[in-house]
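**Student:** This is a predicted model, with the sequence first.
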Amino acid sequence: MNKTLKWFLNKLQIKTSEPEVIWKAKTLLGEGTLWVPSQSSIFFVDIKKKKILIFNLKTSKKKTIKLDKEIGFLSHIKKNIFILGLKSELRVVNLKTKKTLNSIIIEKDKPLNRLNDGKTDPEGRLWFGSMDNLERNIQNGSLYCLDKKLKLNKVDEKYIITNGPAFINEKNFYHTDSRLKNIYKIKVNSKLKLIKKKIFLKFNKKIGSPDGMTIDNKNNLWVCHFGGACITVYNSRGKKIHKIDLPAKNITNCAFGGVNNSELFITSAIKGLKKSDIKKYNLSGSLFKVKTNCKGITSKSFRILQ
């Protein structure tokens, strides 16, 4: 191998640091990682404890906000205004004043459902999924997109446990059914109608279930393994190119942020663990940080047309 080729291959190789615990939050079901650059903070949630948790990277200050409903995710709009994905509701809130500015009820006909994972796409639209809150083996979940005019669009349905999404561009993205262990590659048209859906990856039982995901600026997909104690990275052809082992069994969500958008923040969950698991993975429920030689795609704020 000549020196030029070796240098090129080393430059392409993903490198990551050992995971660092930055908050032993003991989340029952940590989720919804969101980096907000203007606040130098990583936001995440504990679904079952109905909490938003905020860690400021500059000051290392921690803040917890208690809510009245289970929360699957949050997305930044501007300043202290966020949109929260709650049980049966999207709620626009000023987190500083606690004032509710808007509320959109979701799935009135499915009172046992809740919202799970959600992210904004490159256009600033909000994508999120619903699922059966009792986690029964029923296809009660759907995939939605809330556009800039606050119009709710149902894009896909018949999911058991929705997770992701992770966006390649405004029309192509990955989305997951964790129960089926499938990661789908989905294409929509300009009217948000699904025009193509195929299985991109299928996990086997030994490595857990695909959970939250994110994409770096090389279009590599970083996937959290619930029950698998790791994150794996896949290129656009579905080839595994990197793995991060973590001292927690249920890895739930991840987002790039921090210095140069090259630090990966990772949530985990205690939910469903046996006593022997908790003993072995005693940092379960923590928020982790991993330094990388990659850069994430900066998450867009949710845009509302005035």
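**Tutor:** That came in fine, so what should we check first?

**Student:** got any ranges where the chain has weak pLDDT?
**Tutor:** Applying pLDDT under 70 to the chain flags residues 1-11, 306.

**Student:** can you give me the helices in it?
**Tutor:** 3-12, 275-280 (DSSP state H).

**Student:** Can you tell me what sits against the shortest one?
**Tutor:** In other words, helix 275-280. Residues outside helix 275-280 that contact it (C-beta atoms under 8 Å, 6 or more residues apart in numbering) are 249, 270, 284. Every residue, glycine included, has its C-beta placed from N, CA and C.

**Student:** any idea how far the closest residue to residue 298 other than its chain neighbours is from residue 211?
**Tutor:** Spatial nearest neighbour of residue 298, excluding adjacent residues (C-beta to C-beta, 6 or more residues apart in numbering): residue 261 at 6.0 Å. For residue 261, the distance to residue 211 equals 22 Å [C-beta to C-beta, to the nearest Å].

**Student:** likewise residue 238?
**Tutor:** 18 Å.

**Student:** Surely residue 47 touches residue 29?
**Tutor:** Yes. Counting by C-beta atoms under 8 Å, residue 47 does reach residue 29; the two are 4.2 Å apart.

**Student:** more neighbours, the two?
**Tutor:** In this comparison of residue 47 against residue 29, neighbours counted by other C-beta atoms under 10 Å, the higher total goes to residue 47 at 27 against 22.

**Student:** wait, what's in contact with the more buried one?
**Tutor:** 28-29, 31-32, 70-72, 114, 116.

**Student:** Separate out the buried members of these.
**Tutor:** Neighbour counting over the contacts of residue 47 (16 or more other C-beta atoms under 10 Å) leaves 29, 31-32, 70-72, 114, 116 as the buried ones.

**Student:** Out of those, which two sit at the greatest distance?
**Tutor:** The span of these, defined through C-beta to C-beta, is set by 32 and 114 at 12.7 Å.

**Student:** Need the residues touching each of these two.
**Tutor:** Common contacts of residue 32 and residue 114 (C-beta under 8 Å, 6+ apart): 47, 72.

**Student:** any idea how far stretch 84-103 is from the chain center?
**Tutor:** 19 Å (C-alpha atoms, centre = their mean, to the nearest Å).
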